[in-house]
Every structure is written in structure tokens, then in C-alpha cells.
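In: following is a predicted model, sequence given first.
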Amino acid sequence: MKKLLLFFFLASTTISQAQDLYSIETKVPYQSMYLELGGAGLPYSFNYDFRFDKSRIDTWGMRVGFGGYTIDGDSFFSLPVMVNKLYGRGPHYFELGFGATFFAFDEYTYSYCSNGYFDSNGRYICTSTVQETSNYNYILDVDGSPSVMGTLNFGYRRVPIDGGFTWRVALTPIFNNNGFWPLYAGFGFGYAF
């Protein structure tokens, strides 16, 4: 009888420990940080992406990033914000998203002579000048700074089941009040955790 009771005790302890191990949830890598070239950040951006539901990857989420540069006195800053949803099973996902990129850049006012003549000493005398503000465009014309560009996202994202190196590639159509450009794309790589 003692052997039978000992057997049931050990069996029940082993089964409960096995169930406890089985019930421990694996950590889902619902967050990622990545560098994207092209895409919603326009020339490039550093991004933080997360899922609203921390227990699943294939749900709705959001990304926020920043990008910019300063070259020879010209500067540009972008802030992409996008809501996205992942479809599929790890590690392969189809990504669908929409959002906006807020950006600012330096505007320059310059003037030039539109009419003039040469005097008797050979000097050019300007009789009227015109002032203009530089126009900036990033694939599409932009009305001024600051501005906003609408973005869509159709892409592939690879996220390892237990986190680690992740990458993505996407077609990212952009649009504003001056037009629509459907063939813009982006490539990103980073770390999922």
C-alpha cells in the first residue's frame, strides 16, 4: 500500500510540474527597433514598433520614428507615425499599414535680377529684382515647411519566434495635396524583443 501511495504521489507531482512547465508562456517579441531606408521616414528613419496586444504578434500595432540630416547648411527632419497590422504565422508576416509623416526643412529666400543694362564703364546695373522662396520636393512637390505626407504600407516582415534579428521590405505609397506616388519603397532591419 505504501508503494502504491508513493507511486501516486510521485506521478501526481511529476504531472503537475509538467503542466506548470507547459503553461509557462513563451515570451512573444511584440516590440522591435529598426533602421529603415526609404519607407515612411522618407530618406531614412529610426523606428520603434510595438503590438497593442503583448501576447500576439499577428495583431494591430503602431510605429513611431524619426529621421533627418544636415548637409552643407541644408537640414531635413521627419517624424513617421503609422498604425499597422501583421497577418501570418511566425516568423513570416504580411504587413498592412497607414499613417502620416510630419517633416520640416530649411526654406531659403533668394533674389535675382530680372532686368538690367550695362553702363558706359561695363558694369551691369540691375533695374528690377525678383524674390523667390526655394521649393522643396521629395518625389512630390511640397507647399512649405513644416508639412505632412500621407503614407501607406504593403510589405513583408520577418520576426523570429523568440526575438532577435528582424527585417522588413515594403511598398510604401506616399501622397499629399500635390499628388500620389505609388512606387515608393523601403527596407528595414533591426532587433525584435
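Out: Cool, got the structure.

In: what segments of this protein are helices?
Out: Shown for the chain, the helices assigned by DSSP state H span residues 2-23.

In: all strands for it, in order.
Out: 31-38, 44-51, 60-71, 74-89, 92-105, 109-118, 124-133, 137-138, 140-141, 147-158, 164-171, 174-176, 179-181, 185-192 (DSSP state E).

In: can I get those strands in CSV with mean neighbour count and mean pLDDT?
Out: Bear in mind the C-beta positions are built from the backbone N, C-alpha and C, glycine included. Output for those, formatted as CSV (neighbours: other CB atoms under 10 Å; pLDDT from 0 to 100):
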stretch, mean neighbour count, mean pLDDT
strand 31-38, 18, 97
strand 44-51, 19, 97
strand 60-71, 16, 93
strand 74-89, 17, 94
strand 92-105, 18, 96
strand 109-118, 10, 75
strand 124-133, 10, 75
strand 137-138, 14, 74
strand 140-141, 14, 88
strand 147-158, 18, 96
strand 164-171, 17, 97
strand 174-176, 18, 96
strand 179-181, 12, 95
strand 185-192, 18, 97
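
In: Tyr112 pairs with what?
Out: Beta-bridge pairing for Tyr112 (DSSP bridges): Val130.

In: pretty sure it sits against Ser128.
Out: No: using CB atoms under 8 Å, Tyr112 makes no contact with Ser128, being 10.2 Å away.

In: residue contacts, Pro160?
Out: By CB atoms under 8 Å, 6 or more residues apart in numbering, the contact list for Pro160 reads Pro29, Gly90, Pro91, Thr166, Ala192.

In: just Lys85 next, same as before
Out: Thr59, Trp60, Gly61, Glu95, Leu96, Gly97.

In: just Ala185 next, same as before
Out: Under the criterion of CB under 8 Å, 6+ apart, the neighbours of Ala185 are Gly38, Gly39, Val169, Ala170, Leu171, Thr172.

In: and the gap between it and Asn176?
Out: 18 Å (CB to CB, to the nearest Å).

In: then Phe154?
Out: For Phe154 relative to Asn176 (CB to CB), the value is 19 Å.

In: okay, and the beta partners of Glu95?
Out: With DSSP bridges applied, Glu95 shows beta-bridge pairing to Leu86, Gly155.

In: scratch that, Asn176
Out: Gly179.

In: so it sits against Val142, correct?
Out: Yes: taking contacts as CB under 8 Å, Asn176 lies within contact range of Val142: 7.0 Å.

In: joint contacts of the two?
Out: Met149.
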